[in-house]
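1. turn this into a structure:
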Amino acid sequence: MSFARLGLIDPLLAALAALEYKTPTPVQAQAIPAVLAGRDLMAAAQTGTGKTAGFALPLLQLLAGETAPVASNSVRALVLVPTRELAEQVSESIRAYGRNLPLRTCAVYGGVSINPQMMKLRKGMDVVVATPGRLLDLYRQNAIKFGQLRTLVLDEADRMLDLGFSRELDAVFAALPKRRQTLLFSATFSDAIRSMAGHLLNDPLAIETSPRNTAAKTVKQTAIPVDKKRKPELFCHLLKRRRWGQVLVFVKTRKGVEQLVATLQAQGIAADSIHGDKPQPARLRALERFKANEVQILVATDVAARGLDIDDLPLVVNFDLPIVAEDYIHRIGRTGRAGASGEAVSLVCADEVTQLAAIETLIRQTLNRVEEDGFEPEHRVPLTNTAGQILKKPKKPKKPKIAAPSLAARQPGKKAGLAPSKPRSGPGGRSGGRAGGRPAAAGKPSRRSS
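-> Model (predicted):
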């Protein structure tokens, strides 16, 4: 099937041709006609399968058919996303798809000055891509109005709930027109999201192009057991021995991110970081340096699990396992995108066995464990299964026995086969007893031998 058969207009087809998009992905093939028909939509698909184009292309076509101009500070289509990085990525994609259309798009998010965003909105926008918190700030200052809004898109809504945006989302929904088209796209759908969709969507078409909460089949997944304190050493060892190129590394905490970056830089390895304490311009700069191959290792917290669209990224490393099992899918989804192959390596310590069991239950497969020579953990990682069970710990590998050294080897200078010289006796000497010649009590060890 071609994009032309989906009913897209020529300006969009020309943009897709320039981007070398040839064949629609399954989610695009099902979503585009439904959105063009005005249906509400609830679509689940693996990350990297083209969800953004699935809603952006038909949305741009519908907006291009509008005849009335967009009013000052107004918006026709609103796309809500959980992170700043995803806001930038989605808005860039929408601008690329709509390059041949006279439509205006902008992204608004926190971490940067609000004034330039307010200035852009004064012109009126066809599409605004926003994080919930900054959108509410703008709305409460009358910098954005929803009177002309016709379409709401929720992208990665489950992550927005994970990040604690439920109150902000409720406030946004209350401010929007009741009559609108609502599209809900995500790689995973929790029960809470399905419940929310039941209140927001009107007779939605449900699309699931892959089993719920599964990882891409194009990604090879392995787990390497290791003691927690040896993770930095193991990572540096693997980086050199396996000759890894560019690597995106996920670490649980912001402090852990900076510690690993410092370790790598001390060894002359080009590394940078992305986390919540870093100003947004610095985060964007780190991402751009990584995309431009100026940095070999990009270390991030889960703030970067969604919104990083990097062409041909070969490898993702989970330095720490995520607390939320669903985040594992989004982390490894940064590689193996658009049908390409990729690899995901997880460094797992005994303390993380609960997270490991939860991940394996979610993805319905047990991660292949591969021990690295010289890094076998002292604290063994218990065996797990896809039922979420933690089984008994595997036995420690037996160390090879080493023969006891001979008496001659223990007593340098003595010739093999000769009996040791007799101990001296007499005044001041020792003959199995204490100084002064008193013998030790029979059957008891002397103080010297205890």
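2. the nearest residue to Asp277 once chain neighbours are set aside: neighbouring residues, count only.
-> With CB to CB, 6 or more residues apart in numbering as the criterion, Asp277 has its nearest non-adjacent residue at 5.1 Å, and that residue is Arg254. Glycine gets a C-beta too; all of them are placed from N, C-alpha and C. Neighbourhood size, Arg254 [other CB atoms under 10 Å]: 17.
3. do the same with the one 5 residues further on
-> The burial metric for Gln259, expressed as a neighbour count using other CB under 10 Å, is 14.
4. same deal with the one 4 residues further on?
-> Residue crowding around Thr263 was assessed by other CB under 10 Å; the count is 16.
5. need the nearest residue in space to Gln61, chain neighbours excluded.
-> Closest residue in space to Gln61, ignoring its immediate chain neighbours: Ile9 at 5.6 Å, by CB to CB, 6+ apart.
6. show the contacting residues for Ala350.
-> With contact set as CB atoms under 8 Å, 6 or more residues apart in numbering, Ala350 has these partners: Asp227, Lys228, Pro377, His379, Arg380, Val381, Pro382.
7. could you single out the nearest of those residues to Gly147?
-> Lys228 (54.7 Å; CB to CB).
8. quick one: Glu371 and Asp227 touch, right?
-> No. With contact defined as CB atoms under 8 Å, Glu371 does not reach Asp227; the gap is 11.9 Å.
9. please say which of these two ends up with more neighbours.
-> Using other CB under 10 Å, the more surrounded residue of Glu371 and Asp227 is Asp227, with 18 against 15.
10. number of nearby residues for the closest residue in space to the more buried one that isn't next to it in sequence?
-> Using CB to CB, 6+ apart and skipping residues adjacent in sequence, the residue nearest Asp227 is Pro377, 4.5 Å away. For Pro377, the count of nearby residues is 19 (other CB under 10 Å).
11. pLDDT at Pro377, what is it?
-> pLDDT for Pro377: 94.
12. okay, it and Ile224: tell me how far apart.
-> Distance of Pro377 to Ile224, given as CB to CB, to the nearest Å: 10 Å.
13. before we move on, the earlier item: what about the residue nearest to Gln61, how many neighbours?
-> Counted with other CB under 10 Å, the neighbours of Ile9 add up to 15.
14. hey, what's Leu315 bridged with?
-> For Leu315, the beta-bridge partners are Glu343 (DSSP bridges).
15. what's near enough to touch it?
-> With CB under 8 Å, 6+ apart, Leu315 has these contacts: Trp244, Gly245, Gln246, Val247, Leu248, Thr335, Gly342, Glu343, Ala344, Val345.
16. give me the buried subset of the residues you listed.
-> Trp244, Gln246, Val247, Leu248, Thr335, Gly342, Glu343, Ala344, Val345 (16 or more other CB atoms under 10 Å).
17. got the phi/psi numbers for the second one?
-> In terms of degrees, to the nearest 10, the main-chain angles of Gln246 are phi -80, psi 140.
18. then the fourth one?
-> Main-chain torsions, Leu248, degrees, to the nearest 10: phi -100, psi 120.
19. so it is in contact with Phe319, correct?
-> No. Between Leu248 and Phe319 there is no contact under CB under 8 Å: 10.5 Å.
20. roughly how far apart are the residue nearest to Gln61 and Asp40?
-> For Ile9, the distance to Asp40 equals 22 Å [CB to CB].
21. cool, Val316 as well?
-> In terms of CB to CB, Val316 sits 34 Å off from Asp40.
22. and those two? which has more neighbours close in?
-> More crowded of Val316 and Asp40, by other CB under 10 Å: Val316, with 24 against 20.
23. surely the more buried one touches Gln246?
-> No. Val316 is not in contact with Gln246 according to CB under 8 Å; the separation is 10.4 Å.
24. could I get the full set of strands for the stretch 1-150 of the chain?
-> 41-44, 75-80, 105-108, 125-130 (DSSP state E, counting those that start in this stretch).
25. elements contacting the third one?
-> Packed against strand 105-108 by the contact rule (3 or more CB pairs under 8 Å, 6 or more residues apart in numbering; DSSP states H and E) you find helix 84-97, helix 115-121, strand 125-130, helix 132-140.
26. so which of the ones you listed is the most packed in?
-> Among the helices and strands packed on strand 105-108, ranked by average contacts under mean count of other CB atoms under 10 Å, first place goes to strand 125-130 (a mean of 25).
27. state the mean pLDDT of that strand.
-> Averaging pLDDT residue by residue across strand 125-130 gives 98.
28. next, the angle from it to helix 132-140.
-> Put simply, strand 125-130 runs at 130 degrees to helix 132-140, going by axes from the mean of the first three to the mean of the last three CA atoms, to 10 degrees.
29. list the strands paired with strand 125-130, with their directions.
-> Strand 125-130 pairs in its sheet with strand 75-80 (parallel), strand 105-108 (parallel), by DSSP bridges.
30. could you dump these to CSV with mean neighbour count, distance to Ile269 and mean pLDDT?
-> Below are those laid out as CSV (neighbours: other CB atoms under 10 Å; distance: least, CB to CB, whole Å; pLDDT from 0 to 100):
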stretch, mean neighbour count, distance to Ile269, mean pLDDT
strand 75-80, 25, 37, 97
strand 105-108, 24, 32, 97
